[in-house]
Every structure is written in C-alpha cells, then in structure tokens.
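# Sequence plus the predicted model coming up.
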Amino acid sequence: MSKQQNKEVALKNDGLSEEEKLYFSDARPRPYEPYSIKAVEDFANWARANSLWILAFGTGCCSIELRPLMTARFDISRFGVAGRPTPRQSSLFIIGGYVSVKTLKRIIRSYEQMQGPKFIIALGSCPANGGMYFDSYNTINQFDLYLPVDMYITGCMPRPEALLSSILELQEDIKAGNCDGANRYVNNLDWYKTNQKKVIKNWDMPDYNW
Amino acid sequence: MANELMNTMLNRLKTDFSVSDISERKPALTTLKVARENAERLIRELRDREGFTHLSFITCIDYIEDGIFTLVYMLHNHDRNDTLGVEVDISRDNAEMTSIHTLWAQAWTYQRELREMFGINFPGSPRLEEDFCLEGWDDIPPMRREFDTKKYSSEQFGHREGRHSEQPREHMKVTLYPTRGGDE
Amino acid sequence: MISEAFTEWLPKVGNFSLTLLIVTFYGLLVGAAIERIIAKVQGRIGIPYSQPFINIAKTFFKRTAVSHGIMFYLGPVFRIAGGIGTLAFIPVIYGSEMFSNFSMAGDLFLVIYFMFFGQLGMALGAGESGHPYSAIGIARGLSQMTAYEVPFALAVISIVIQYDTLSITEIVAAQQGGWQNWTVITNWVATLAAMLAFLGMTGYSPFDIFLAPQEIPIGPPTEFHSAYLSFLQLNRALFGATKLVLFMNLFFGGATGWPELMIKTFLIYMVAIVVGVAFPRFRVDQGIRFFFKIPTLIGIMSIVYVQMVLTS
C-alpha cells in the first residue's frame, strides 16, 4: 500500500459506540523513514541500542526472570537498560511467557502507545510455539501473528544469562539498522488487525490505540 | 479425641441429613456425599454448630460417563484442624445449585468461576453474568469434558510449523544416555 | 543602541550560553556519578558515565510523538525556561566577569520566583495530557513544594536581614575571607532550615513520592515522551545543578573557580543522597506535616536569631 493511500483510508473503529468515537482518533499510523544522513542515523541507532528502556509490564511467568537481572549478580543497568512504568517512554517490550487472550488485548494496547523505534523480545517458548500451553483454549500459539517480534529467546524458562546475551545481540542488530518492527507493523496493519480481531472477540477499543 | 468428636458428628449427620459415602482420605481429611436438597442445610449446620467456619474452596468434577457434576465444598475447622469435603451430585444438563453466598461472601467468586467454566447456574449469586476470566467467550464452557481443547486451540490460534516435542523418558534413554541401558 | 547591544549584551549572552552548557554538562555528570556510587554501595557495577547523555540522545531521536494540544508543550517549555531563568540570575563564579551571568541587585527574589515557575508550567502540561496519574502526581508535587518553600523562604529572609542585601553577588562577597565567614558558621540556624528544605527540593527520597514508579507511573511526566521528555531530562540536570550552585552561593561561601564549585556542589548533593538512601519514602501528608513542623520552627528561630544575636 503506498503512502498516499495510507493517508486517505481512515480506520473504521467498529468496536466503539457513536459517542465514544468522538474521543478517539481514527487516523492511520504512518511508517517513518530513517534519517537521510547516514552518520546521523548511525549515531541515533547507537544511542537507541545503548539506552533500551523496558516497559515494566510482566505479561506471564517468564517475566520472573527479569527480576534477577536488576540485582547485583546480573546487573543489567551497566548495559543502559532501565525499566519504565509507562509505555510512552519505553522502547523495548519484553513479552515474558504465555500470552492469554485477555493479556493480548492489553499488550496490543500498550504496544501501540509506545513511540518511535520500538522493539519486542519474545521470552520463552510460549510466544514462539505455544510452549507448555500449546493445547490451551486461552493462550495463543504464535505471537508474531499479532505483533512484530525482533528477537526470540527459547527456554522454559531461559536463564538470566540467556536474556543478557540476547539483549547484547539485540543491541548489535539495532546498531546495524535491522530492527524495524514498528515499520513492519504499520505497513502490514490490516493483516495484523485481522489476526488480532480473530482471537480477541470483545474488541471495545479503537482500531489503533494512539 | 478429635476422632471421637468427628465420629459422633458424622453419626448425627447420617441420621439428620442422610449423608452417605463417608470416607477418610487422610488423617485430617474426610469426605461425605449428601443429596442436593439437603446440601445447603447441611453446610449451614456445619458452619454454625460444628465449627467448620472456613470455606476453603468450591470445585467441580465432571463425571461425563454418569452424566453428573460433583460439586465439592471443602470446609475447614480451625479448632480441631479438620477438613471436611461435602460432595453434591447435580445433573449435567441444566446444571443448577443453590447459592451459598449468604453463608460466606467469598463463595460468589467460586460460583462465578464454575458458571463460566462448567455452566453451572447459581440463582441469586451476584455478578454471575459478567465475564470472569474469559472475555468474549462464545463456545461451550471450556472445562466440560466434551470440549476438545486441542482442536479449539489449533483452529483459533494455529500451529507453529516445526514444533517438535520429545517424550523425556525415551529422549533420555535413546539420545542423551544411550550407554546406560536398562529400565531403572 | 546597536553598538551597545554588540559591546555589552552580546558578550554577556555568549558567556551565559557557555555557563549554561558547562552547568548542564556538570549536572548530567554528577547524576551519573551519584548513580554509580549508589550502585557500588549495592554491589553492582552501575551505569556508564555517559549514560545520561545517551538517554537524552535516545529520547531526542525518537521518530514519532503524540501531542495532546498546545498546552501540552507548556510542560517542558516552562520547565526548561524556569531552569534557564534561574541560572541566568545566579553568579556562578564569584569575581569572574565572564561567569557572573545577569546577576543584579535584587536577583535573589527573582531566582526564588523562577524556581517555582517550572513546576507550575509542568502542572499545566501534565493536566493537559489528560492522564489521571499525571494530575495526581502534580497535585502531590505542588503540595510538597508549597510545604518546603516555607522553611526555605524563612531561611532566605534570615540571611537577607543578616547581610542587609538582596543581591547574591554581595552575599557571596560578604562570605569571602576564610571559611569562618561562611553562612553555615555565622548563621547555622538558617543553614539548617535551608538544608532541610533542600531535601525536599531535590525530589529524592524520602520526598520522592510524587514521581516514584512504584507509587504512580512516574507521576507528572507520565505522558511526556520523545522530544518533550528530552527537554525534561535536560532540565532535571540543569535545574539540579542550579539549585546546588545557589545553595553554595548563599550558605557555603560561593566559589572562585570551577574546581571549587564542583567539589562544593558535589558534597552538598551527597548530603541529600546520604539521607535519601537511608530513609524510605514519606507519604505526601507525612512530608507536608514534616515540613510544617521542625524546619519551619527552625526557620522562624533563624529570623529571631538574626535579630537578636547578629544585629544587636
């Protein structure tokens, strides 16, 4: 879909009532281009890689692995990673563990409120292939049908060293300019929304949570 | 001493409420079965007169072969450190049971869960129609045994290609430690 | 007129920009140093020294931003205007023509006004964002600020009476000539009241409830992101360093050179940090009650002390 068409087709916001539609925007998000001067883009990528701020939202049981990381033994603050409680200010979303349908709605809501270059790490086997709960009526099996994932970490659950090494790898990827999950999401918004609305049956929020 | 108290109580209950199938599962855990009409009276009597003032949980076992749900009310006596499980059989079609939210306030949470997961109705229990765990659920109550959860999961959420599961025992015998040999 | 502008004001503005850069840089570096010290106390390695700079660069290079209206810009704009305005009227290095900024007679009260200015602008911006936690956070922050301004104002009145002037440059001049002339020795009551107020000013434990992540998601800056947030981060460093310079000028004898300024401000900040790491957070009502009791009493006593002891 070209950018021109993107600008004209507004979102439908079917899940909202008529009065609620006045409060929410129906503009379609647009992808962003990298900076035209390569040196600026490289510096920006270096800054983004060395200052990853995690959204403090533990979605499943793998997020218990995030707590030892903040302590003295594994010390993640020396890599510039810090936790932020609000999605507006964070750039890295770690999906830890199984994702139930109820949580998925909230994850989508938080992810769409994050700004700019944003990245997702899928921690554990459950977002990758369903993990231990592959036959459950309430947990999803493939997370990247719903949101774009930049890095998978397998394990049930992976040790903090695995998480540290994957953050280092993610930093290398960001510096090379390969992590454009946010643009992928915006460019294929219709496909992601179809997948999301198939599982989330009570969609009572706007189509894109600005 | 506790045993004697328990035995006298059980004998009285046998005559007054016609309980049956009294079985001592563990030294401090006994279960008994009671008919549906007498269940609420029995639980009230246990709470008011016999000291079983703590409701641990209400759960349900699905006997699809006999066509019944067995509701289990687990009551605990703090003075004697005894637990008593009251089992009530209700039919699987149009499952309904009197609500005990007037005896313990927390019972309505368990009753909401049973309504959502098994489809058992508790007339009068507050907030029964609201979603409890599953939002926007439109299939049959999922804990019923006729609900095929694997099929539902494959259809709704798909199946990741290349997913591979191992049986741990076979995997260890054949791949990890082949030279150990024998069934230990 | 135009030649006046070139010979008088332009060099001043140029020198002030240089001071601004140095003070902001120093503020960020002090923040990183304090974080590293706390990390070493906890047995960790801690953030690299360049981390605050990288954080600001990262938030500045965010590619998307959501604005909530015109007043939403007022949060960071007023905040950084307050920070720059406060620094503009404080003489940073005593005796140096280059680093005296725009200090003039009566600049002490102007500085105190500018300190309050930033927080009020933040209230407008945070309210416009529509986020309930921003509103709660800024209400708490403003109530605490009202509470700790009382002992600080009393201490300032006390030293104004003591030195008989409203100009910071003259207050620093009166403290030269050895450490016996510092306000902390001659008028220790006022210094005590002001240092207790300083604990509230830094926004550090035990008075950090209005922006503590476990209490309320960050408080006032909840909705600020991207370029808005980078301004707020810059201001945090700038304003912090400015307050330290002000305290150093009023109570600890001022500085005649940059190394002296850095050592003195670092030690003043360590006082707040040492208290902060030892104490848990106060609730808002506990904090306000604290400031209205002992520090206000000490502030009133400092005015009495000055009247009775020093000017008699």
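Great, that's in hand.

# Pull the residues that contact stretch A:64-76.
With Cβ atoms under 8 Å, 6 or more residues apart in numbering or on different chains as the test, stretch A:64-76 has contacts from A:54, A:58, A:77, A:81, A:83, A:94, A:96, A:123, A:157-161, A:163-164, A:167, C:39, C:42-46. C-betas here are computed from N, CA, C, even on glycine.

# Now, the residues you listed that are in strands?
Of the positions in the contacts of stretch A:64-76, A:54, A:83, A:94, A:96, A:123 sit in strands, assigned by DSSP state E.

# Run through these and flag the ones next to chain C.
residue A:83 (Cβ under 8 Å from any Cβ of the partner chain).

# Go through the ones in strands among the contacts of stretch A:64-76 and name the one nearest residue C:176.
Distance to residue C:176 across the ones in strands among the contacts of stretch A:64-76 (Cβ to Cβ) is lowest for residue A:83, with 46.9 Å.

# Not counting its neighbours along the chain, what's nearest that closest one?
In space, and not counting its chain neighbours, residue A:83 is closest to residue A:56: 4.4 Å by Cβ to Cβ, 6 or more residues apart in numbering or on different chains.

# Hmm, that neighbour is touching residue A:84, no?
Yes - contact criterion Cβ atoms under 8 Å: residue A:56 and residue A:84 qualify, at 6.5 Å.

# Need the overlap of contacts for the two.
With contacts taken as Cβ under 8 Å, 6+ apart, the residues that reach both residue A:56 and residue A:84 are A:90, C:213.

# Strands of chain A, start to end?
Under DSSP E, chain A gives strands at A:53-55, A:82-84, A:92-96, A:119-123, A:151-153.

# Which member of the ones in strands among the contacts of stretch A:64-76 is positioned nearest chain C?
Among the ones in strands among the contacts of stretch A:64-76, residue A:83 lies closest to chain C (Cβ to the nearest Cβ), at 7.5 Å.

# For beta bridges, what are the partners of that closest one?
residue A:54 (DSSP bridges).

# so how many other residues sit close to it?
Counted with other Cβ atoms under 10 Å in any protein chain shown, the neighbours of residue A:83 add up to 18.

# And it, how close does it get to residue C:205?
17 Å (Cβ to Cβ, to the nearest Å).

# Now intersect the contacts of stretch A:64-76 with the helices, please.
Using DSSP state H, A:160-161, A:163-164, A:167, C:39 are the members of the contacts of stretch A:64-76 that sit in helices.

# what would the residues you listed look like in CSV with neighbour count and distance to residue C:263?
Output for these, formatted as CSV (neighbours: other Cβ atoms under 10 Å in any protein chain shown; distance: Cβ to Cβ, whole Å):
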residue, neighbour count, distance to residue C:263
A:160, 18, 39
A:161, 10, 41
A:163, 24, 40
A:164, 16, 37
A:167, 22, 37
C:39, 17, 22
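
# For residue C:58, which three-state class applies?
Secondary structure assignment for residue C:58 (DSSP: H, G, I helix; E, B strand; the rest coil): helix.

# Pass me the low-pLDDT residue ranges in chain B, would you?
Chain B contains residues with pLDDT under 70 at B:1-2, B:181-184.

# ok, 50 please
Chain B contains residues with pLDDT under 50 at B:1.

# With the stretch 51-200 of chain C instead?
Within the stretch 51-200 of chain C, the set of residues satisfying pLDDT under 50 is empty.

# try chain A
A:1-6.

# one more time with 80, if that's ok
Applying pLDDT under 80 to chain A flags the ranges A:1-9.

# How about the contacts made by whichever residue of it sits closest to chain C?
Chain C sits closest to residue A:116 of chain A, with a gap of 3.4 Å, by Cβ to the nearest Cβ. Contacts for residue A:116 (Cβ under 8 Å, 6+ apart) come out as A:32, A:91, A:182, C:61-65, C:226.

# Torsion angles phi and psi at the residue nearest to it when sequence neighbours are not counted?
The shortest distance from residue A:116 to any non-neighbouring residue, by Cβ to Cβ, 6+ apart, is to residue C:62 (3.4 Å). Reported as degrees, to the nearest 10, the phi and psi values for residue C:62 are phi -70, psi 140.

# I'd assumed residue C:227 was in contact with residue C:62.
Yes - the pair residue C:62 and residue C:227 qualifies as a contact (Cβ under 8 Å) at a distance of 7.2 Å.

# ok, residue C:128 - contacts?
Contacts of residue C:128 (Cβ under 8 Å, 6+ apart): C:68-69, C:71-72, C:74-75.

# State the distance from it to chain A.
Distance, residue C:128 to chain A, by Cβ to the nearest Cβ, to the nearest Å: 14 Å.

# do the same with residue C:246
Per Cβ to the nearest Cβ, residue C:246 is found 29 Å from chain A.

# count of neighbours near that residue?
Residue C:246 has 24 neighbours, counted by other Cβ under 10 Å.

# show me what contacts it?
Neighbour list for residue C:246: C:86, C:90, C:111, C:168 [criterion: Cβ under 8 Å, 6+ apart].

# and if you look at residue A:79?
A:50, A:52, A:164, A:167-168, A:171.

# Single out the residue in chain B that lies closest to chain C.
Counting by Cβ to the nearest Cβ, chain B gets nearest to chain C through residue B:135 (23.3 Å).

# so the residue minimising distance to the centre of chain A bridges to which residues?
A centroid search over chain A (Cα atoms, centre = their mean) returns residue A:120, at 4.1 Å, as the residue closest to the centre. Under the criterion DSSP bridges, residue A:120 forms beta bridges with residue A:93.

# residues contacting it?
A:92-95, A:111, A:147-151, A:181.

# how about the nearest residue to residue C:194, chain neighbours excluded?
residue C:155 (3.9 Å).

# What residues of the particular helix or strand that has the one you found in it count as buried?
Assigned by DSSP states H and E, residue C:155 belongs to helix C:132-163. Of the residues in helix C:132-163, C:133-142, C:144-145, C:147-156, C:158-163 count as buried by neighbour count, 16 or more other Cβ atoms under 10 Å in any protein chain shown.

# Check stretch B:37-49 too.
B:38-40, B:42-43, B:45-47.

# re the thing from before, want to try JSON lines for the ones in strands among the contacts of stretch A:64-76, with distance to residue C:295 as columns?
Below are these laid out as JSON lines (distance: Cβ to Cβ, whole Å):
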{"residue": "A:54", "distance to residue C:295": "38"}
{"residue": "A:83", "distance to residue C:295": "33"}
{"residue": "A:94", "distance to residue C:295": "43"}
{"residue": "A:96", "distance to residue C:295": "45"}
{"residue": "A:123", "distance to residue C:295": "48"}
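
# and the ones in strands among the contacts of stretch A:64-76, which are buried?
A:54, A:83, A:94, A:96, A:123.

# Which pair of those residues spans the longest distance?
Most distant of these, by Cβ to Cβ, are A:83 and A:123, 14.6 Å apart.

# where exactly do the helices run in the chain?
In the absence of a named chain, this looks at chain A. Here chain A has its helices, by DSSP H, at A:3-8, A:18-21, A:38-49, A:66-70, A:101-113, A:126-129, A:160-176, A:181-187, A:189-199.

# Let me rephrase: I mean chain B.
Per DSSP H, chain B carries helices over the ranges B:2-17, B:39-48, B:107-117, B:149-157, B:168-171.
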